[in-house]
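Peer 1: make a model of this:
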Amino acid sequence: MPKFLLKRWRGLHMYGLFGLLFVLIVTLSVFEWRLGIVALILSGVLLLLMYRAEQTFRQGLTDYLSTLTLRVKKAGSDAMHDLPLGIVLYNEEKAIEWHNPFVARMFGKDSLIGESLLEQFPGLKNRKEKELRVEITHDGHIYEVQLKPEERLLYISDMTDLRTLQAQASEEQIAMGIVMMDNLDEATQGMDDQTRSIMMAKVTGEITEWAQKHNLYLRRTASDRYFLVMNHKSLKLLEQSRFEILDEVRDITIENKLPMTLSIGIASGTASLPELGHWAQTSLDMALGRGGDQAAVKMGERLSFYGGRSNAIEKRTRVRARVISHALRDLIRDSDNVLIMGHKLPDMDSVGAAIGVLKMTHVSNKEGYIVIEGINPAIQKLMEAIHEDERLNRWFITPEQALQITTSRSLVVVVDTHRAPMTSEPKLLQLTQRRVVIDHHRRSEDFIHDATLVYMEPYASSTCELVTELLPYFNDRMTMGVLEATTLLAGIVVDTRSFSLRTGARTFEAASYLRRNGADSSLIQRLLKEDLDQYIKKSEIIKNAVVIFDHVALAVSEPGRKYSQLNIAQVADTLLTMTGIMASFVISERPDGLIGISARSLGQMNVQVVMERMGGGGHLTNAATQLEGTVAEATQRLKQILNQIHAEEGLFE
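Peer 2: Reported below is the predicted structural model:
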């Protein structure tokens, strides 16, 4: 009961007792005065006893409270002394005014009073203004410092045990992986059983030894597939070794006409085993979609790639092309209309592939439209030729027109890109669930998800080559116009640099099919002719080129000079033709204010990896990116990345 209520209760009790005695004495005096006197004397004795009892109670209470206060103070002092928490008070000059014994024990000193706060806690110097919790390390211990700027107060907690447990839990976290032999059928085609068995034994032994070395659980689930289980500690070691198994397997099978390559997909960062398995399969798909011979590691939100230093192996069988062609035919026939789009500022490969898909649509007696936003100067002559062809020109529409005619049963076909933000109109992908992706670039993280049909082959020279392979399986009596066939062939010519790079047997077979269907090589030369002014602009950048790492050409435009992305790309192509140059990088400011970088290689260097680290992407031998900032900043960043890759694994195979 609160003290003031206790006093009030006692006062009321005393007043009631006095009243009762008074009434009793008066009553007895009326009837017998002698009894009244006796009652009065007895009342006085009773009151005296009550008074003394009250005094004794008060004295006892006071003594108890005094003892309790001393006990509380002693307990507080002991707690402050033994508290597993540091407390520091400092003044406006950031000098320590007081601290508890925890801080003295922490620094191994009797007292820190008067010393500079920032000298004793240097981790506080670089903290942000609104950052009220800072983690510091001192004498092998990890401490969390909580700041109370208004009170000029610090609370210090020893987090060493917690961080140790967290690190241990992180290292013991489960990771799953899948190892797949990319090209088992192609690599062993034509081998007799004995030779095949010997090669498979070598590869299997190498993979098994690698798993034992890194403490991995390995289980073979198919002739070309393995299942992996490991902890996070082993996964970090694999990343540090940059998955040397990729090079080891390729090296032991190098004597074959087609060396064996592996693709690895690994996932970590979630406690859900079904989700972990799904992530592992997704990572493997990503590695395969990028051309194989690499490892993809998904750790939470982070996705990292290792390897990918060889070109994708060209598939000899055409079964997949036939299956994709028939599936695409069924999708087109079952759609209200077909909308075909490539990337923004489309190039020859994008427009040529779109025209090939448009031909399939019209053969199926369905309406098809090509969605184009912006005209790339590189295809200006082609677009002029299309505008003159009334039969073909009517099917080219703007993104705004496409949005008006799109229904839930429209089919959207994306060519020459697989990244939604790069398409001519990303909103089209949200209006229908019927999507098809046809591309030859290595798969990136922001892939168009939930596509109904995907035909991605990084081994292909161009998207035009992939579309050309689909045409004969789509319809046996396929006939094409001269401009249609020529545009498809021009896309192949541009992307292979006149059949000098990234060409395989299927590239020439596709070109032969187009020639038989009326492709005009002289028309291609007219479409690809270069203006003298553009040639002079290229020469202005080329004169600034320097050679780094012995075989890498780096050309940076002069400050204030702006060049189109086409000029930048053409300079990179030109530098690659120089003696001793295996890769080229060209950096320049563009008319839109961004900094454009084009990267090219002959195959010994993966320029896609370099551009991905700068926020771009592309192909193993052809990649690019666009950045904000200045040319000098972009050049410095590129050199840092090249130095880093050179130190990690070398720039060239």
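Peer 1: that's a helix at Arg409, yeah?
Peer 2: No. With the criterion set as DSSP: H, G, I helix; E, B strand; the rest coil, the secondary structure at Arg409 is coil rather than a helix.
Peer 1: look up how far Arg590 lies from it.
Peer 2: 40 Å (C-beta to C-beta, to the nearest Å). Heads up, the C-betas are built off the backbone N, CA and C, glycines and all.
Peer 1: now Trp210
Peer 2: 45 Å.
Peer 1: for Leu576, what are its contacts?
Peer 2: Ala553, Ala583, Ser584, Arg600, Ser601, Leu602 (C-beta atoms under 8 Å, 6 or more residues apart in numbering).
Peer 1: how about a cut-off of 7 Å?
Peer 2: Contacts of Leu576 were listed using C-beta atoms under 7 Å, 6 or more residues apart in numbering, and they are Ser584, Arg600, Leu602.
Peer 1: list only buried entries from those.
Peer 2: Ser584, Arg600, Leu602 (16 or more other C-beta atoms under 10 Å).
Peer 1: which strand residues bridge the second one?
Peer 2: Arg600 has these beta-bridge partners by DSSP bridges: Ser584, Asn622.
Peer 1: so it is in contact with Asn622, correct?
Peer 2: Yes. In this structure, Arg600 is within contact of Asn622 by C-beta atoms under 7 Å, at 6.0 Å.
Peer 1: ok, Trp210 and Arg590, which is more surrounded?
Peer 2: Between Trp210 and Arg590, Trp210 has the larger neighbour count (other C-beta atoms under 10 Å), namely 19 against 16.
Peer 1: and the more buried one, how far from Gly650?
Peer 2: From Trp210 to Gly650 the distance is 21 Å (C-beta to C-beta).
Peer 1: helix/strand/coil for the closest residue to Tyr155 other than its chain neighbours?
Peer 2: Nearest residue to Tyr155 in three dimensions, chain neighbours excluded: Gln146, at 4.3 Å (C-beta to C-beta, 6 or more residues apart in numbering). Secondary structure, three-state DSSP: Gln146 is strand.
Peer 1: so who does Gln146 touch?
Peer 2: Leu132, Arg133, Tyr155.
Peer 1: could you check how far it is from Leu117?
Peer 2: Gln146 is 14 Å from Leu117, by C-beta to C-beta.
Peer 1: try Ala569
Peer 2: 56 Å.
Peer 1: equivalent analysis for Gly205, please.
Peer 2: For Gly205 relative to Leu117 (C-beta to C-beta), the value is 61 Å.
Peer 1: neighbour count winner among these two?
Peer 2: In terms of neighbours (other C-beta under 10 Å), Leu117 is the more surrounded of Gly205 and Leu117; the figures are 20 against 11.
Peer 1: phi and psi next, for the more buried one.
Peer 2: phi -60, psi -40 (degrees, to the nearest 10).
Peer 1: if we can go back for a sec, using a markdown table, lay out the contacts of Leu576 together with distance to Ser263 and pLDDT.
Peer 2: Formatted as a markdown table, those follow (distance: C-beta to C-beta, whole Å; pLDDT from 0 to 100):
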| residue | distance to Ser263 | pLDDT |
| --- | --- | --- |
| Ser584 | 28 | 94 |
| Arg600 | 25 | 91 |
| Leu602 | 23 | 85 |
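Peer 1: just the closest of these to Asp389, please.
Peer 2: Closest approach between those and Asp389, by C-beta to C-beta: Arg600, at 32.7 Å.
Peer 1: check contacts around the closest one.
Peer 2: Taking C-beta under 7 Å, 6+ apart as the test, what Arg600 contacts is Ala572, Asp573, Leu576, Ala583, Ser584, Val607, Thr621, Asn622.
Peer 1: in TSV: those residues, plus distance to Arg516.
Peer 2: Formatted as TSV, the entries for the contacts of Arg600 read as follows, by distance: C-beta to C-beta, whole Å:
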residue	distance to Arg516
Ala572	33
Asp573	29
Leu576	31
Ala583	36
Ser584	36
Val607	35
Thr621	29
Asn622	28
